[in-house]
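Peer 1: With the input below, show me the fold.
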Amino acid sequence: MINITLEDEPVSCEPGTTLYELSRQYQKNYEFPIIVAKCNGIIQELYHEVVDGTHVEFCTAGDADGFRVYIRGMSMLLLKAVYKEVPADEMEGVSIEFCLDSGYFCRIEGDVAMTQELLGRIEKRMRKYVDKDILFEKHVIRTRDAKQLFDSLNMRDKGQLMEYRKNSRMTVYNLGKFTDYFYGAMPYSTSILRNFRLELFEDGFVFVVPRQENPVEMPEFKPGMKQYRTLQYTNEWGRKLNVATVGQLNHQIVRGDFQDLMLTQEALHEKRIGDIAVQIAEKGCRIVTIAGPSSSGKTTFSYRLSTQLKTLGLRPHPIGLDDYFVNRVDTPKDADGTYNYECIEAIDTKQFNEDLTKLLEGREVQLPTYNFLTGCREYDKPYMRLEPEDILVIEGIHGLNDRLTYSIPEEDKFKIYISALTALNLDRHNRIPTTEGRLLRRIIRDARTRGNSARKTISMWRSVRSGENQNIFPFQEKADAMFNSALIYELAAMKLYADPLLFQVTPDCPEYSEAQRLLKFLDYFIPVDPHDVPLNSILREFIGGGILLG
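Peer 2: Coordinates of the predicted model:
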């Protein structure tokens with residue numbers, strides 16, 4: 001008999017037992033269908049045989065690891081159907097470009113009219129494949145053979161990605177007669193992929209799937225059009241610069257064109273910040289609020305925006321929202337008794353609005369300073385009075401929530417949403433989630449400025465994301481302007497910083513699986529010298545050495 005530990009309980013099974021067979025025995029213990037396993041902290045597909053002495057954890061689509069597997073499986077299911085329904089001579093390729101609300105935006109490129117009739121045929125074929133319960137078959141082949149294979153299938157973006165791989169062998173998947181390459185584990189078979197639908201959207205379509213928190217309930221698709229336009233703008237520039245995929249980025253680095261690419265991207269950032277400053281000046285508002293999720297580069301952005309405002313004859317003054325925390329004894333607590341500094345109730349919005357109103361009326365105000373040691377507000381700053389050319393710049397997670405500035409007329413406010421919305425993808429079929437770049441940014445910054453290990457930052461990330469879902473994302477469409485702080489080259493520049501930190505996470509840590517996943521992801525990038533990054537770049541907020549934050 002083989003002896004393993006399953007969810008911290010000893011279990012014995014026959015030699016040759018697969019993880020899939022074991023998952024069927026224990027499915028009753030899980031709320032949602034099991035899709036993949038974690039063996040000694042490493043994600044493994046269910047076709048693998050159980051190994052003696054292994055610690056096994058099963059993952060469902062309700063877990064982060066399982067949800068990623070669900071999306072990859074759904075992507076291959078979709079692609080198989082598209083390539084079957086659309087004639088090869090009409091189609092140049094299919095791109096899965098970015099996540100938008102509960103959907104993933106896709107585009108069929110070539111001489112193809114995207115109609116409801118075509119989309120209906122694709123979805124019908126997908127459901128037929130689900131009912132057939134087709135296995136995802138994994139094959140390991142030589143990298144040069146994989147490149148030749150995908151070049152012959154007119155998937156040259158995959159061939160270009162593999163051109164710069166150091167591994168001599170690659171994994172490809174077959175779904176029936178359809179072959180593709182995917183970054184990461186896949187489901188056991190198509191039967192688990194029952195929850196989805198396709199919807200026409202703009203010049204493409206989306207495949208809508210359940211959310212991770214409830215992977216069996218289909219949500220309504222409610223796209224944010226401002227976010228969509230921001231992502232489309234970024235995608236368009238990626239195509240213009242011929243850097244829409246990691247293979248193309250690596251090609252430019254190898255060819256010696258990296259510096260030109262980097263300076264062009266930084267110039268695009270500066271132009272966009274300048275355009276936003278012009279919008280603010282033309283509106284004539286006196287208060288600018290900036291909000292966005294963790295590691296978006298809000299602080300550097302606020303400095304660079306202030307510089308642009310000065311070129312327009314305005315005098316920006318920063319106001320720290322943290323200084324308006326209620327006294328610690330009045331701070332709300334979570335269910336576990338810890339202080340919740342992220343909810344809006346942790347801010348003294350009444351005092352904040354009174355001070356802003358007085359400033360807009362031309363009266364003198366003494367702004368507070370929050371003492372994090374004593375947990376109380378103090379008043380030790382000089383009095384402030386706004387002159388006609390003065391403007392307040394407020395950075396904080398609640399900047400887009402009207403509850404923060406409830407007493408301020410709309411004409412006096414300009415709200416900016418900033419996030420690192422990665423548009424670069426591994427290839428046309430393997431998208432890079434926007435959270436990937438933000439997590440790596442935070443790992444590097446926290447190690448540099450707070451002495452935090454990668455393990456600690458990874459362990460906190462789920463809580464950070466939960467706070468963003470409650471306090472930031474619901475309000476992003478209220479913004480007057482959106483700024484995408486992602487840099488097309490940043491993952492290549494962060495690799496040299498992130499790799500040593502991630503390698504420090506040991507196999508006995510719960511965060512080991514995530515650290516290994518990120519290391520594998522970064523292995524696709526050819527690193528670049530981060531010393532070339534401009535000193536005022538948003539990336540400097542994370543890697544250090546900048547002139548704005550140090």
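
Peer 1: The closest residue to Asn195 other than its chain neighbours: neighbouring residues, count only.
Peer 2: The shortest distance from Asn195 to any non-neighbouring residue, by CB to CB, 6 or more residues apart in numbering, is to Pro210 (5.1 Å). In this view, the C-beta of every residue, glycine as well, is placed from N, C-alpha and C. Per other CB atoms under 10 Å, the neighbour tally for Pro210 reads 19.

Peer 1: contacting residues for Pro210?
Peer 2: Going by CB atoms under 8 Å, 6 or more residues apart in numbering, Pro210 touches 61, 102, 195, 216-219.

Peer 1: any idea how far it lies from Gly62?
Peer 2: Note on Pro210: its distance to Gly62, by CB to CB, to the nearest Å, is 9 Å.

Peer 1: Buried ones in stretch 90-100, by neighbour count?
Peer 2: 91, 93-100 (16 or more other CB atoms under 10 Å).

Peer 1: among the residues you listed, which are in strands?
Peer 2: Judged by DSSP state E, the subset of the buried residues of stretch 90-100 located in strands is 91, 93-100.

Peer 1: wait, which of those residues is closest to Arg442?
Peer 2: Using CB to CB, Cys99 comes nearest to Arg442 of these, at 19.4 Å.

Peer 1: For that closest one, give the beta-bridge partners.
Peer 2: In this entry, Cys99 is beta-bridged to Tyr104, by DSSP bridges.

Peer 1: What part of this protein, helix or strand, is modelled with the least confidence?
Peer 2: Every helix and strand of the chain was ranked by mean pLDDT, DSSP states H and E. The lowest is strand 315-320, at a mean of 90.

Peer 1: tell me what that one is packed against?
Peer 2: Packing partners of strand 315-320 (3 or more CB pairs under 8 Å, 6 or more residues apart in numbering; DSSP states H and E): helix 298-311, strand 390-395.

Peer 1: okay, those in TSV with distance to Leu231 next?
Peer 2: Output for the helices and strands packed on strand 315-320, formatted as TSV (distance: least, CB to CB, whole Å):
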stretch	distance to Leu231
helix 298-311	18
strand 390-395	23
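
Peer 1: can you list those in TSV and add mean neighbour count and mean pLDDT?
Peer 2: What follows is these, written out as TSV (neighbours: other CB atoms under 10 Å; pLDDT from 0 to 100):
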stretch	mean neighbour count	mean pLDDT
helix 298-311	19	95
strand 390-395	21	95
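
Peer 1: roughly how far is stretch 93-111 from the heart of the chain?
Peer 2: Centroid separation for stretch 93-111 versus its chain: 16 Å, with CA atoms, centre = their mean, to the nearest Å.

Peer 1: What's the end-to-end length of that stretch?
Peer 2: By CA to CA, to the nearest Å, the extent of stretch 93-111 from end to end equals 10 Å.

Peer 1: Settle this for me: Gln248 is touching Lys158, isn't it.
Peer 2: No: taking contacts as CB atoms under 8 Å, Gln248 lies outside contact range of Lys158: 11.9 Å.

Peer 1: So between the two, which is more surrounded?
Peer 2: The neighbour comparison of Gln248 against Lys158 (other CB under 10 Å) goes to Lys158, with 25 against 20.

Peer 1: so the more buried one is in which element?
Peer 2: helix 156-163 (DSSP states H and E).

Peer 1: what's the longest helix in this protein?
Peer 2: helix 258-283 (DSSP state H).

Peer 1: After that helix, which helix or strand is next? Please name it.
Peer 2: strand 287-291.

Peer 1: so what strands line up beside that next one?
Peer 2: Within its sheet, strand 287-291 is paired with strand 390-395 (parallel), strand 413-419 (parallel), according to DSSP bridges.

Peer 1: TSV for these, including distance to Met460?
Peer 2: Converted to TSV, these look like this (distance: least, CB to CB, whole Å):
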stretch	distance to Met460
strand 390-395	21
strand 413-419	19
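
Peer 1: about what we covered before: only alpha carbons, please: show the helix holding Lys158 as PDB.
Peer 2: Output in PDB follows, covering the C-alpha atoms of helix 156-163 (Å, rounded to 0.1, in the frame of the first residue of the first chain):
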ATOM      1  CA  ARG A 156       4.200  31.800 -34.800                       C
ATOM      2  CA  ASP A 157       3.800  33.800 -31.500                       C
ATOM      3  CA  LYS A 158       4.300  30.500 -29.700                       C
ATOM      4  CA  GLY A 159       7.300  29.600 -31.800                       C
ATOM      5  CA  GLN A 160       8.800  33.000 -31.000                       C
ATOM      6  CA  LEU A 161       8.200  32.500 -27.300                       C
ATOM      7  CA  MET A 162      10.000  29.100 -27.500                       C
ATOM      8  CA  GLU A 163      12.900  30.600 -29.400                       C
END
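
Peer 1: From the chain's centroid, how far away is that helix?
Peer 2: Here helix 156-163 is found 23 Å from its chain centre; the criterion is CA atoms, centre = their mean.

Peer 1: hmm, who's touching it?
Peer 2: Helix 156-163 has contacts (CB under 8 Å, 6+ apart) with 93, 143, 146-148, 150-151, 170, 180-181, 245-248, 250-251, 426-429, 524.

Peer 1: just checking, which of the residues you listed belong to strands?
Peer 2: Those of the contacts of helix 156-163 lying in strands (DSSP E): 93, 170, 180.

Peer 1: Tell me the one among those nearest to Thr230.
Peer 2: Nearest to Thr230 among those is Gly93, at 23.8 Å by CB to CB.
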